[in-house]
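*Asks:* sequence and computational prediction follow.
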Amino acid sequence: MVDLSVDLLGMRLENPTVLASGILGVTKGSLKFCARHGAGAVVIKSITREPRKGHPPPIVCASGGGLLNAVGYSNPGYRHAMAEYEDLADVGVPVIGSFVAETAEEYAFLAEHFANHLEFDAVEIPLSCPHTPGYGELAGHSGTDITYEIVSALKASLRAPLIVKLSANLQDIGPVAKAAEDAGADAITAVNTLGPGTCFEAATGRRVLGFGFGGISGPPLKPVALKAVYDTFQAVTIPIIGTGGVSTGQDAVEMIMAGATAVGVGTAVVPRGVEVFRKICEEMKDLLAARGCSSLAEIRGKAHEKQLVQDLV
Ligand SMILES: Cc1cc2nc3c(=O)[nH]c(=O)nc-3n(C[C@H](O)[C@H](O)[C@H](O)COP(=O)(O)O)c2cc1C
């Protein structure tokens, strides 16, 4: 019998799969839908202070075996979101809030006026979107000093545990993860989408996405995400939600071996359906049973043990 349950920041997850932000989590109903289909926890779509239309359509397209997206944080703003997420008790699994802001002060504002009034089990902030002017990477929010500044401001205001979502583009993610931990972050999500990248219509040469370029997610992101989790695990002691290209139980097992406590699942909902959470869990159970393991603790961080190739040299 394999037990997939994990403890993440005081939340007990029946299994390590976490619905990633921006994928289906736009209403309370859609959060419940994912919970019913086996997600261990869910993250809401990121909210901003004012309502945003986001980028012009098309905002998502298939590319390179994954997705390119330039949604641009379309959302109804925090006042509307307060009503949408008012009562979260019946979602059935832990709910992680998410918001994004242009400055450290605005982050603190959203903590006080939005997140602190709702029953989120934790809050995730993406300092890492690669395609939205004013936010994340395009606002220069993915460096060590600014990460420290934003996280410190938030920790002074926020009631719930804080998860900091880092960029897939960082050559050296360790120092940024450490800056977040030093400033009081309770966990790291590694990673957001990569890039940006782009694609064109073969017939016309016209760009496909309305914004012209977008973040890469799904299978093409997986090796980058896996290395980011591996490097983050070496740099910090706080838990990691390994996110990026997790589509199968094998992907999830690799993430946990790299050091993740839980695994984000986003793009895989497209090819495998919302049942993907349950499917990943069944596949993980089979893989663990085949190794003679009965819990995830037995494989967590395994990739950091001395490698065979190192033993030979
Ligand atoms: C359509 C789409 C919308 C997204 N919106 C958000 C968002 O609002 N906030 C955020 O933190 N991440 C957002 N992301 C990034 C995902 O949460 C996740 O980090 C990324 O897609 C990598 O995981 P995946 O390969 O499993 O999709 C979005 C991704 C996609 C594809």
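*Replies:* Received, thanks. Predicted model only: the values in this text are computed from it and were never measured.
*Asks:* tell me what the helix or strand harbouring Leu110 is packed against?
*Replies:* Assigned by DSSP states H and E, Leu110 belongs to helix 104-113. When contacts are defined as 3 or more C-beta pairs under 8 Å, 6 or more residues apart in numbering; DSSP states H and E, helix 104-113 sits against helix 144-157. Backbone N, C-alpha and C define where each C-beta goes, glycine included.
*Asks:* what does the protein have sitting close to the ligand?
*Replies:* The chain has residues 20-23, 45-46, 60, 67, 69, 71, 73, 98, 126, 165, 192-193, 217-218, 221, 243-246, 264-268 near the ligand, with proximity defined as C-beta under 6 Å from any ligand atom.
*Asks:* please enumerate residues in contact with stretch 6-20?
*Replies:* 4-5, 25, 31, 34, 38-43, 93-94, 96, 121-122, 161, 163, 186-187, 239, 241, 243, 252, 256, 260-266, 277, 280-281, 284, 296 (C-beta atoms under 8 Å, 6 or more residues apart in numbering).
*Asks:* on that earlier part again, which members of the residues of the chain next to the ligand occur in strands, if any?
*Replies:* 60, 67, 69, 98, 126, 165, 217, 243, 264-265 (DSSP state E).
*Asks:* tell me the one among those residues nearest to Thr144.
*Replies:* Lys165 (15.5 Å; C-beta to C-beta).
*Asks:* thought the closest one was touching Glu124?
*Replies:* Yes: if you go by C-beta atoms under 8 Å, Lys165 and Glu124 touch, sitting 5.5 Å apart.
*Asks:* who touches both of those two?
*Replies:* With C-beta under 8 Å, 6+ apart as the test, Lys165 and Glu124 both reach 21, 189.
*Asks:* now Lys285: how far from the ligand?
*Replies:* The gap separating Lys285 from the ligand is 20 Å, by C-beta to the nearest ligand atom, to the nearest Å.
*Asks:* meant to ask about Ala289, not that
*Replies:* From Ala289 to the ligand the distance is 25 Å (C-beta to the nearest ligand atom).
*Asks:* so where does that residue fall, helix or strand?
*Replies:* Going by DSSP H and E, Ala289 is part of helix 276-290.
*Asks:* buried set for that helix?
*Replies:* 276-281, 283-285, 287-288 (16 or more other C-beta atoms under 10 Å).
*Asks:* tell me the confidence at the residue nearest to Pro133 when sequence neighbours are not counted?
*Replies:* Once flanking residues are discounted, Pro133 sits nearest to Ala139: 7.7 Å by C-beta to C-beta, 6 or more residues apart in numbering. Reported pLDDT at Ala139 in the predicted model: 95.
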